[in-house]
Every structure is written in structure tokens, then in C-alpha cells.
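K.L.:
Build me a model from this:
(one chain, ligands or ions: 1)
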Amino acid sequence: MRAIAFQRCINPSCGATTDLADTTFRCPCCGGLLDVAYDWNRLPVPSSLKHFESKWANRANPLDFSGVWRFRALLPFAPEEAIITIGEGQTLCQRADAVAAFVGLNAGRLFLQYEGLNPSGSFKDNGMCAAITHARMTGARRAACASTGNTSASLAIYCSATQLLRGIIFVGSGKISYGKLSQALEHSALTIQIQGDFDDALRRVQEASRQLGLYLVNSVNPFRLEGQKAIMFRVLEALRWEVPDWVIVPGGNLGNVSSFGKAFAELAELGLIPRVPRLAVINATGADTFYQLYEKRGLRWNGGQFDQSKIDDYLAELDSANRKADTLASAIEINRPVNLPKALRALDRCNGVVRAIPDSEILDAKAKIGAGGLGCEPASAASVAGLRQLVQEKVISPSDSVVCVLTGHLLKDPDETVAYHSTDPATSAKLAARGVKQVAFANRAVQVPNDLAAIVQAIESYT
Ligand code: F0G
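P.N.:
Residues are numbered from 1 along each chain as shown. Predicted coordinates:
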């Protein structure tokens, strides 16, 4: 009899399956991407999402405490005794009226899913706990990734906290913020800085993993995306199991959107939600491959028969113009998203849209999110900046309910935040050099002499 959980090619006309233990993460038949798939009929699926509320009373069990594994019935690929958790997913979906006013939504209609609260400070821990669980099931001793910083921070923290695997990370030189690099170093990952950017690092880590048998934890790994489904389970939980009209997410390697699309498709198929939300993916203008292909060149999933030549042509154009990804939102500075086909499938299922937003608007949105009480890194703010544009375009109406995912914590990249708020020409030059000449919501530090009267006067005149 077939296994209850297995891996399956995402291309419906191929549909080849492979064993759960296969760590090549490519279809053995056509080389395409794989899903983790289940024979749901033979699994105990709860009859209602409310079932998961019973886990809240059982926080002493680490698997019920985890914001990922309390939903393990919806990602049932691992026996309980194999599951790894370090307490990931204790995150919040916050109603954000001040930010709603900024983007043009009615009060009570915008929620920010704040993934900065994870152990390593970004959403990556949702997927990493699942990938590390799978790595342990397959007996791996070394795990590797290429990263713009957050995947590597997450891998490093899971390796050091569990002592099960050695973490090896590939980063482009000068392409990773200090907050993230400090995590990799502090948590003892072997850190390999290569000349080049993320796209180069990802190619190299895949080659090295094949040659050395390293367990790859980039989001081409379908087990990572299983874990990231839990972000949407928690969104639904926070909204008392009501499906929002829209979910908006920044797009880099397109793992999140792929995972969210799979989560909603499965919940609908299992009869656990009545409809799926619409999805919006937001690129930075300087790294907008998905936007160009989906919105400008009309690339669509097309039942799995998507037009690969459109992708190849576009990437060849980038190469011949020597155009590298270039955005201050360094986490999404990616031109060759590995999950592109899965993202097309997600947008097909969830009637999605893609937008590309300039860095200046991303940073202004970030300042507004911060002023509203949640600190995020630049890439995360792309979701809110994109929402603002979609409201202006009237694609999203002020009465729609919207969830924006804030993917990473403010302290991941303090340099850019200080540069944004600074009047010091040396500091703010960093933004100007990357094309951001003006910022709208800077909170300037006030220079005051070391004198009580002057200090009192400054406080009185500014408050
Ligand atoms: N936001 C943050 C904070 C990220 O770190 C990333 C990806 C994304 C958004 C994009 O998510 O790839 O699922 O579309 N960071 C990866 C990394 C690439 O290496 O940390 P995606």
C-alpha cells in the first residue's frame, strides 16, 4: 500500500511520486518542484478548525505549545517522537488601525501578522522546524542553505539549540545585514561568504549539497513550506476562523506565497474553510522578476503547463543586460525565485495579483508600521506598501479585510532604520546612494546642548 505521506511532482501531467525520505527535492521524472502530499482519507483530519483550540489548554506539551506543531494534523509527515521544536510560532495577528488609515482601509479591516516574534526573529522558523524534523528523520548530519540572512539565522539557531546538525550557510559578500550575520556567527554556523549575490549563492549551495550530500533547507525543500502553512493557520485562528478577503506577502524566493496557497487549497479541499482568500505578492522594484512575468508578460500556471520559455527569455535578458537584483529590502533582493511555478499555482488558486514597489515607498511604509507599534525590517514593509498601492488602484476596497504578513523583526537591520531617521549626511547617504533621495516620515533626533534648560525647552516644544 502507498505511504500516507510522500512527495509528489507539482506538475499534474507528471505527478510522479517519491519517498518521504528522498532529499534531492527534485522530481525524479521531470526535474520539477515537489510537494509534500498526503493520503488524507487515511488520516485523522479534524472536522472543524475549532478543534485546534483544545491545544491551548495543553501548553505543557511542547508540540501543542508550538505555533507550528499544534497544527500537526495538517502537516502530518512526521511521527511525534521525531518532531523538533524550539517554541516557534508564538506570533501575533494584530489589528492595526493607525496603519489602516495610512493605506486607506477602514478601521478594523487591517491585521498585521507579526512574524518577528519567532525565536530567530523571522517567519523562517515556521519552516525550519519542519525541515530540521525531516532532516532528522533522514539521518542527516549537516544542513546547508544560501541566504539573504534570515534563513541562515534560523538554520543556525535550530542547529545550535538542538545540537543535531552542523549548519553551513552561504551568503553573498556584503549582501546580508549585520543583525542577520551576527546570528549566524553567534550560533556557530559555518559561514561561507562568496563573491556574488543570493542568486549565485543559491546555485552554489545546490551544487555543493549534491556533491557532499548536505541536507538543503532552502525553500526548494518542500518540508520547509509545510511548516510555513502554519502562519496561515494562526492567521485564521486569530480571526476566529474567518477567512480574510486578502493576504499580502512580500515576494523573494516565493516560498511563503507558495506555502500559503497550498495551505488554503488543502483547507478548502478538506472542507475546513468555505472559500480561499485572494493573495497579493509584493516585489521590490529592483528585484521584480515575478511582477514582470506575471503582470507584464502574462505568465500563468495554466494547469501546470506554464510557458517556461517566457521565464527563460526574461532571465536571459537580465543576464545579457548584466542586471542584478538591487533593493534596500535586502531580504527580497532575488531575481531568480526558485518557487516560481508553485507561486503561479498559488495565485491561480487564490486569484492573486503581483505588484512591484520602489524602495522609498517601502521605507515610508516601514516607518508607519513602526509608528503604529510593530517593528519590522524593510522587506516586510513591502506588504503594507503594496497594500497601499492596491487600495489606490481600487483593486482592494476600504471595507475589505486584509492581513499583511510582517516577515522579520526591526532589529534585523537597524542600519537602514537609523539611516532613514538620520540627518547625518554620512548616515543617510547610504539611502541616497541606492536611489532613495527623500523620506516622508523621518523621526529626527533632536540635538541639544548638555544643559537642563535647553533640554526642558526642547521637550516642551516637541510634545
Ligand atoms: N521577508 C523576509 C524578512 C525574508 O527574509 C524573506 C526571504 C522574504 C520576505 C521573502 O520570502 O522567499 O518566501 O518569498 N528571505 C530568504 C532568506 C530568501 O534567505 O532569508 P520568500
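K.L.:
Any residues of this protein in contact with the ligand? List them.
P.N.:
Selection of the chain residues close to the ligand by C-beta under 6 Å from any ligand atom yields 122, 147-151, 219, 250-256, 331-332, 377, 379-380, 407-408. All C-beta spots, glycine's among them, are computed from the backbone N, C-alpha and C.
K.L.:
how about the helices in the stretch 51-200 of the chain?
P.N.:
Here the stretch 51-200 of the chain has its helices, by DSSP state H, counting those that start in this stretch, at 62-65, 97-103, 124-137, 150-162, 178-186, 198-212.
K.L.:
And the second one, what does it pack against?
P.N.:
This means helix 97-103. strand 110-114, helix 359-371, helix 378-392 (3 or more C-beta pairs under 8 Å, 6 or more residues apart in numbering; DSSP states H and E).
K.L.:
can you pull out the helices in the stretch 251-400 of the chain?
P.N.:
255-269, 289-291, 308-320, 340-349, 359-371, 378-392.
K.L.:
could you give the angle of the fourth one to helix 255-269?
P.N.:
Spelled out, that is helix 340-349. Computed by axes from the mean of the first three to the mean of the last three C-alpha atoms, to 10 degrees, the angle separating helix 340-349 from helix 255-269 equals 40 degrees.
K.L.:
next SSE after the helix or strand of the chain with the lowest mean pLDDT?
P.N.:
Least confident helix or strand, the chain: helix 425-433 with a mean of 82, by mean pLDDT, DSSP states H and E. Reading on from helix 425-433 to the C-terminus, the next helix or strand found by DSSP states H and E is helix 452-462.
K.L.:
which residues are in contact with that following helix?
P.N.:
For helix 452-462, the external contacting residues (C-beta atoms under 8 Å, 6 or more residues apart in numbering) are 446, 448.
K.L.:
Quick check: buried residues in that helix?
P.N.:
Under the neighbour-count criterion of 16 or more other C-beta atoms under 10 Å, helix 452-462 has nothing buried.
K.L.:
most centrally placed residue in this structure?
P.N.:
Asn256 (4.7 Å; C-alpha atoms, centre = their mean).
K.L.:
residues touching that residue, list them.
P.N.:
123, 228, 231, 249-250, 405, 407.
K.L.:
do you know how far it is from Asn150?
P.N.:
Asn256 sits 11 Å away from Asn150, going by C-beta to C-beta, to the nearest Å.
K.L.:
Quick one, which of the helices of the stretch 251-400 of the chain gets closest to Asp424.
P.N.:
Of all those, it is helix 359-371 that lies closest to Asp424, at 16.6 Å by C-beta to C-beta.
K.L.:
Who are the contact partners of Asp39?
P.N.:
2-5.
K.L.:
Same check on Ala101?
P.N.:
Counted by C-beta under 8 Å, 6+ apart, Ala101 has contacts Ala107.
K.L.:
so how far is Ile369 from it?
P.N.:
On the measure of C-beta to C-beta, Ala101 and Ile369 end up 12 Å apart.
K.L.:
Poorly predicted segments of this protein, please.
P.N.:
1 (pLDDT under 70).
K.L.:
Output the longest helix belonging to it.
P.N.:
In the chain, taking DSSP state H as the definition, the longest helix is helix 222-238.
K.L.:
I'd like to know how far the spatially closest residue to Phe223 that is not a sequence neighbour sits from Ala78.
P.N.:
Leaving out its chain neighbours, the residue that sits closest to Phe223 by C-beta to C-beta, 6 or more residues apart in numbering is His134, at 4.1 Å. Taking C-beta to C-beta as the measure, His134 falls 7 Å from Ala78.
K.L.:
So if I had to pick from these two, which one is more boxed in?
P.N.:
Counted by other C-beta atoms under 10 Å, His134 and Ala78 do not tie: His134 has more neighbours, with 26 against 20.
K.L.:
That one contacts Ile83, doesn't it?
P.N.:
No: using C-beta atoms under 8 Å, His134 and Ile83 do not qualify as a contacting pair, with a distance of 10.2 Å.
K.L.:
what sits against Glu53?
P.N.:
Glu237.
K.L.:
switch to 10 Å and redo it
P.N.:
Applying C-beta atoms under 10 Å, 6 or more residues apart in numbering to Glu53 gives the contacts 70, 237, 240-241.
K.L.:
Tell me where the stretch 1-150 of the chain has strands.
P.N.:
Secondary structure of the stretch 1-150 of the chain (DSSP state E, counting those that start in this stretch): strands at 5-9, 17-18, 34-38, 92-95, 110-114, 142-147.
K.L.:
Surely Leu49 and Val235 touch.
P.N.:
No: with contact defined as C-beta atoms under 10 Å, Leu49 does not count as touching Val235 (11.4 Å).
K.L.:
The two - which one has more neighbours?
P.N.:
Using other C-beta under 10 Å as the criterion, Leu49 and Val235 rank with Val235 on top: 22 against 18.
K.L.:
any idea how far the more buried one lies from Trp69?
P.N.:
17 Å.
K.L.:
and what of Ala365?
P.N.:
Applying C-beta to C-beta to Ala365 and Trp69 gives a distance of 33 Å.
K.L.:
the more surrounded of these two?
P.N.:
Between Ala365 and Trp69, Ala365 has the larger neighbour count (other C-beta under 10 Å), namely 30 against 26.
K.L.:
List the pairing partners of whatever helix or strand Val405 lives in within its sheet, with orientation.
P.N.:
Using DSSP H and E, Val405 sits in strand 402-406. Applying DSSP bridges, strand 402-406 is found paired with strand 110-114 (parallel), strand 246-250 (parallel).
K.L.:
Export it to PDB, keeping only CA atoms.
P.N.:
Taking C-alpha atoms only, strand 402-406 is exported to PDB below (Å, rounded to 0.1, in the frame of the first residue of the first chain):
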ATOM      1  CA  VAL A 402      -6.700  42.300   4.800                       C
ATOM      2  CA  VAL A 403      -3.800  40.600   6.500                       C
ATOM      3  CA  CYS A 404      -0.300  41.800   5.800                       C
ATOM      4  CA  VAL A 405       2.500  39.400   6.800                       C
ATOM      5  CA  LEU A 406       5.400  41.200   8.600                       C
END
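K.L.:
Break this structure down into its structural domains.
P.N.:
Listed domain ranges for the chain are 1-43, 92-119+226-415 (source: automatic domain parsing).
K.L.:
So what's the gap between the longest one and the chain middle?
P.N.:
Counting by C-alpha atoms, centre = their mean, to the nearest Å, domain 92-119+226-415 is centred 8 Å from the centre of its parent chain.
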